[in-house]
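In: After the sequence you'll find the predicted model.
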Amino acid sequence: MADRRGAPRYPFGMEGTIHSGGGGAGTNMIIRTISATGCEIERATAITIGKKCELYFEWRDAVIGLQAQVAWRNPQGRMGLKFIAVDRDTQRRVNEICAALRAQPVSGTRPEKKEEDRPAPGPLTFHKPGETPAAATSERVRRQFPRYVSELPALLSNPATGSTANVKLVSISLKGGCIEGQGLPEAGQQCELNTEWEGRSLLIRSDIVWRTKQQAGVRFDTLDDGTQQALKQICANLRLEPPPLIFSN
């Protein structure tokens, strides 16, 4: 049974992705209704009441990321989510969505598509720094693992040249991240990141997937169980990073 609603909800019908935590790819779902404090979703993998999750959806050329908690669920596959730990900018965007839906005339509401006519949700695309919209669209890049804001210092080693450099992991996930520093390796090169978490040293072998003057994207190679568990603990203690903006012509 749904809980009492403290804020008005509006029909939304937006497709998005939900992550239940602990890593892994997100599940496609539909946001049936939304309010300033929560939403109702359907077609999502069942998540236990009280469990925290992460919700992503597109609105007006941007991707919004929200932390939420399952307030209720029913046997028909619908769930009520309560938004939690919402920063000021994200709350402003959610309020704008509700205001736009409230102002929309009932007669202008789009008819709900039949299940067989509904297209499958496509992957979200975004730009790498310095990348053109056409290139981003053609690659159809999709982040399947949430990223978190990080300030972890690390030592970057380049086996090809033997050089080392002090860098900062400005964002991190279970599969990669973004580093910032000087003299970064070119895209396509392998590297090693040596960082520390709660007194434990972590050595992570990585590949450079893109590079700008002061930043580079890294994809982690196969991780042992200990390093994987340490990364989960690190991410669990960091703030969720909203996905990058989506650009379209």
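Out: The structure has been received and is ready for your questions.
In: list the helices and strands the longest helix seen in the chain packs on?
Out: Secondary structure of the chain per DSSP state H: the longest helix is helix 88-103. Other elements packing on helix 88-103 under the criterion 3 or more C-beta pairs under 8 Å, 6 or more residues apart in numbering; DSSP states H and E are strand 10-19, strand 27-34, strand 62-73. For glycine as for every other residue, the C-beta is placed from the backbone atoms N, C-alpha and C.
In: Need those in a markdown table (columns: mean neighbour count).
Out: As requested, these are exported to a markdown table (neighbours: other C-beta atoms under 10 Å):
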| stretch | mean neighbour count |
| --- | --- |
| strand 10-19 | 20 |
| strand 27-34 | 19 |
| strand 62-73 | 19 |
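In: May I see those organised as CSV, with distance to residue 196 and mean pLDDT added?
Out: Below are those laid out as CSV (distance: least, C-beta to C-beta, whole Å; pLDDT from 0 to 100):
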stretch, distance to residue 196, mean pLDDT
strand 10-19, 27, 87
strand 27-34, 34, 89
strand 62-73, 26, 87
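In: Make a markdown table out of those strands and add distance to residue 178.
Out: Below are these laid out as a markdown table (distance: least, C-beta to C-beta, whole Å):
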| stretch | distance to residue 178 |
| --- | --- |
| strand 10-19 | 19 |
| strand 27-34 | 25 |
| strand 62-73 | 16 |
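In: hang on, the earlier thing: now the longest helix of the chain: buried residues?
Out: Buried residues in helix 88-103, defined by neighbour count with 16 or more other C-beta atoms under 10 Å: 90, 93-94, 97-98, 101.
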